[in-house]
Each structure stands twice: as C-alpha cells, then as structure tokens.
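[1] no sequence on this one, just coordinates:
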DNA sequence: GGAAAAAGTTTCCTAAAGGAAACTTTTTAT
DNA sequence: ATAAAAAGTTTCCTTTAGGAAACTTTTTCC
C-alpha cells in the first residue's frame, strides 16, 4: 500500500478486486484423501492393503459418493500413518481477515460481579484469541472471595489507575501501582483488592 | 511490530505455539462427545436440535454402539460449534503452572525503533500466549512508514495517554483518545501516529 | 497401434448407520 | 412417596455404507 503514502488514498477510495467467493470450508474429505494418496504415490490397491479397506470403498470415498464412518476413517489414518486433524487441515489457508473493533472509553459492555465492575471490550468480535476488559476492583478485602479465582489460560493485567494488591496461590501478595503490570498463569489461584482511596481500574486480558 | 520481531528476538518476545502434539487417537469418540455435551450442559434433545441428528443416534454414538459417518460428524461439529480436531483431543492436558512476572511502571525492557519506543513487559517469562508491551508513538506522519505493518495474529491496543490516529488497510483512519481501544487482525495492514501534543503512550498486546 | 496389465469406477448385495417411536430410567414437583 | 415430566435407551424399519466382483478407463510394453 505504497499509494497511501505517496498520495492521499484512503481505503474507502479503493475499489476491491473481485477475488471470487471464498467458500466456507465444507471439508472436501474425498478430495483431501486423494491428495494425500497421490502425495505418497500410492494406488487404491496399495491403500487398500495398508488400510484393510476395499478398493471400491476407497474410490467411492474419494469421489464423495459415500460418507465414511468413523471406523473407516480410523483405518485410513492408522493405515496411512497420518493423524486425524491432518485429514481436515488441507490447505492451511492463511486468510487475510480484516476484522477490527473499536471500543471507546467507558463504552464497553458492562458486566458487574460482586467483586468487580467489568467493562468488556471488543465485544463485537467473536472468536478472538484474546479477551480484553477493564475492571474496577471494588473488593477491598480478600474475605470477599470465597475461593481463589482459577481458570484456563494466561492473563495479563495492567493497573490503569489506583493501587491494588495482587494475591496468588504460589506467591506472596504484592502491591501494584499505576502503570505496573503482571503476567500469570490463570489456573494458578489469584484475586485482587483495591488499596487506593478510589477503586482501582485495571486492564485485563485473557488468552487461552 | 514487524520490525520488532525482525530485529532482536528474545525468548520472552515469542508467543508459544499451540502445542499441537496430538498423536493420540481416542478410540473413545463416544465418550469424548459425551464430555463435550456435558461441558455445555446440554441434553441429547438439545444437541439433536442443534445438529439435526436424531436423539437416538446421538445416544448410540455416545455409547459406542455405532460408528458415525463423516457427514454426521460434520453436523456435530458445526452444530456444537467445535472443530474436528477438538473431537479428538480429549484429555485436556492441564499445563503446570504457576508462573508470574511483574513489571513495574517504566521498568520494562526498552526496545526503540524508528517509529516507536517500545517497552517490553513480562520479559522474564518465555513461551507465553500473549506478548504485552507499552509503546510511545513517536511517529507523527504516516510517511514515516515505508509500508503497512502486517504480521500474524491478533492485536489489541489501548491508549494510555495522548491521542493517536489508527490507520488500517480496510478501514478509514480513526482517531483514538485516552481510554479508547481497538482489536484487530494483525495481518491486516496497520500503523499508528501520534496526534496529541505529547507523544501518545499505548498498551499493545499481540497473540497468535 | 493393439494386446495385456494396472488402475479406477460401478453394480449388486449384505451389513451397518440413522431416524421415529416405543420403552425405561432419572429428575422434578406435589 | 407418587405422579408427571424430562432425559436417555432400545426397537424396528428405512436408508446408506462397505466389500466382492464385474465393468470401464488408462497405462505399459511389444
């Protein structure tokens, strides 16, 4: 996109090329199987011997005339020494998605709990790798928690304002001031309390 | 971020790949399906509605009385919004874990480039899913960039102070003020410039 | 080019999958 | 505890998958 720099061309001024309809992957299993077979340079007969499946059956699967049972698929994967995901991960197409979701200050999706006022960010997008949210830490005593908070994935938090104490299962409690951050495994028990005059505001991001 | 990655690469800057070491093939497809169903707290009837499969069929699959056809497996995965490998990745290996890494304000690892002053956070940890850093946006003109910045993964940014313009390949430029945030696919070209009097400070997190 | 062999497809049959409904077990409500 | 409802299983029947063999197409070799 050199033009953008050289002239003043904005994205909305550009006309996108018609790149053909991207088909949503219905997974052409037969086609995929044929690719694999060819890549090993095998005939149906040879695959038949390796997998114990009839030549005719293999032909029909490759031509999408029948839908193989799981049993058959297991014979295929073990006979051909491949694993199942391989059967479905054919052309690892790195789709240049262009999703973008802006969340203005204070305009996230509110999500209050007994100990936090969460404000979920980027909620217009689903299927994302990270889940960002701002949280007002209302709790001021770890007695507010009945137990450690613990869940899958990893978590990063940054103190935006105020001051908190970060408790965790395997470490001493530690105080965090504005600008401080911590990265931790979220299946290690953890919890927060505000210790500043005003409730602390933090940015939280989870990935799993 | 392209520059960031292309220059010095430290372990703590790397994002851990999904450990796809799945060689295990659960012969217990039915059991696995039941686990998934229970985890969503669904009844056979509800799964039936979601997938279009008969209640009886689902029961038989769960009890290993029949071997579902690929067609049926596709209905299962699309109806339950899971992907196929998930059906075969049963024993979720709970990774160990109690890592924690605190970064005090301004005490991250400096990493200057021509357009940004990056301050890498949580650099004591390697193999993490997210890579967090604060960046001072020094650039004030998109002519400072020779081309779009573009890399794998997804990115989230939050303006900590100042004001920026966020340029991206498929959208109009947009101004972001303190507290505003944006989530986007990083393989969509993107770049930032400061438009406040002082250079803007942002929090940036990448995951791939 | 014309067998003959090899590779692949189609047919035909039986064995198994998938659906509707009957039946059994478990949960909820009274 | 008992009835009613919900969840799950089994039966019975129709449709479809899978294998053996016949058939068609492609390749090999003279």
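    Ah, there it is. In this text, all values refer to a predicted model and were calculated from it rather than measured experimentally. Numbering: from 1, shown residues only, chains lettered A, B, ... in the order given.

[2] which residue is the nearest non-sequential neighbour of the spatially most central residue of chain A?
    Centroid-nearest residue in chain A, with Cα atoms, centre = their mean: residue A:129, separated by 3.3 Å. Counting by Cβ to Cβ, 6 or more residues apart in numbering or on different chains, residue B:207 is the residue found nearest to residue A:129 once chain neighbours are left out, at 4.3 Å. All C-beta spots, glycine's among them, are computed from the backbone N, C-alpha and C.

[3] contact partners for that neighbour?
    A:129, A:130, A:207, B:15, B:129, B:130, B:131, B:153, B:154, B:155 (Cβ atoms under 8 Å, 6 or more residues apart in numbering or on different chains).

[4] which SS class is the residue located most distally from the centre of chain A?
    Relative to the centre of chain A, the most outlying C-alpha is that of residue A:45, 41.0 Å out, by Cα atoms, centre = their mean. At residue A:45 the chain is in helix, as set by DSSP: H, G, I helix; E, B strand; the rest coil.

[5] where does it land on pLDDT?
    Listed pLDDT for residue A:45 reads 88.

[6] cool, and the one 3 residues further on?
    Model confidence at residue A:48, given as pLDDT, is 90.

[7] contacting residues for it?
    A:54, A:55, A:58.

[8] work out for me the element the closest residue to DNA strand C within chain A sits within.
    Going by Cβ to the nearest atom of the strand, DNA strand C is nearest to residue A:56 of chain A, at 2.8 Å. Under the criterion DSSP states H and E, the helix or strand holding residue A:56 is helix A:55-62.

[9] and that helix with chain B, contact?
    No - applying Cβ under 8 Å from any Cβ of the partner chain, one finds helix A:55-62 separated from chain B by no less than 8.7 Å.

[10] again, but for stretch A:139-149
    No - Stretch A:139-149 stays clear of chain B (Cβ under 8 Å from any Cβ), getting no nearer than 11.3 Å.

[11] and that stretch, which residues are buried?
    A:139, A:140, A:145, A:149 (16 or more other Cβ atoms under 10 Å in any protein chain shown).

[12] the first one - that's part of a helix, no?
    No - the assignment for residue A:139 (three-state DSSP) gives coil, which keeps it out of a helix.

[13] please name the residues that touch it.
    A:114, A:115, A:116, A:145, A:191, A:192, A:193, A:194.

[14] how about the buried residues of stretch A:139-149 in JSON lines, adding pLDDT and distance to residue A:120?
    Converted to JSON lines, the buried residues of stretch A:139-149 look like this (pLDDT from 0 to 100; distance: Cβ to Cβ, whole Å):
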{"residue": "A:139", "pLDDT": "90", "distance to residue A:120": "19"}
{"residue": "A:140", "pLDDT": "92", "distance to residue A:120": "23"}
{"residue": "A:145", "pLDDT": "82", "distance to residue A:120": "21"}
{"residue": "A:149", "pLDDT": "86", "distance to residue A:120": "17"}
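
[15] what's the farthest-apart pair in these?
    A:140 and A:149 (16.2 Å; Cβ to Cβ).

[16] counting by contacts, list what the helix or strand encompassing residue A:192 packs against.
    Using DSSP H and E, residue A:192 sits within strand A:190-194. On a contact count with 3 or more Cβ pairs under 8 Å, 6 or more residues apart in numbering or on different chains; DSSP states H and E, strand A:190-194 meets strand A:130-137, strand A:164-168, strand A:200-207.

[17] dump these to TSV, plus mean pLDDT.
    Formatted as TSV, these follow (pLDDT from 0 to 100):
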stretch	mean pLDDT
strand A:130-137	93
strand A:164-168	93
strand A:200-207	94
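
[18] domain assignment for chain A?
    A:29-88, A:108-207 (automatic domain parsing).

[19] tell me, which of those domains is the model least confident about?
    Looking at these, the bottom one is domain A:29-88 with a mean of 85.

[20] mind checking how far stretch A:184-203 is from the chain centre?
    Mean-position distance between stretch A:184-203 and its chain equals 24 Å (Cα atoms, centre = their mean, to the nearest Å).

[21] that one: which residues count as buried?
    A:184-188, A:190-194, A:196, A:199-203.

[22] mind listing the strands for chain A?
    Assigned by DSSP state E, the strands in chain A fall at A:100-103, A:109-112, A:116-120, A:130-137, A:154-161, A:164-168, A:171-176, A:181-185, A:190-194, A:200-207.

[23] find the nearest non-adjacent residue to residue A:128, please.
    Nearest one to residue A:128, counting by Cβ to Cβ, 6+ apart, is residue B:154 at 5.9 Å.

[24] which residues touch that neighbour?
    A:128, A:129, A:130, B:183, B:184, B:185, B:186, B:206, B:207, B:208.

[25] could you report the distance from residue A:83 to residue A:74?
    11 Å (Cβ to Cβ, to the nearest Å).

[26] just give the number of residues close to the residue nearest to residue A:34 when sequence neighbours are not counted.
    Residue nearest to residue A:34 in three dimensions, not counting chain neighbours: residue A:62, with 4.6 Å by Cβ to Cβ, 6+ apart. For residue A:62, the count of nearby residues is 18 (other Cβ atoms under 10 Å in any protein chain shown).

[27] what residues does chain A have near DNA strand C?
    Counting by Cβ under 7 Å from any atom of the strand, chain A comes close to DNA strand C at A:43, A:44, A:45, A:55, A:56, A:59, A:60, A:62, A:63, A:65, A:69, A:71.
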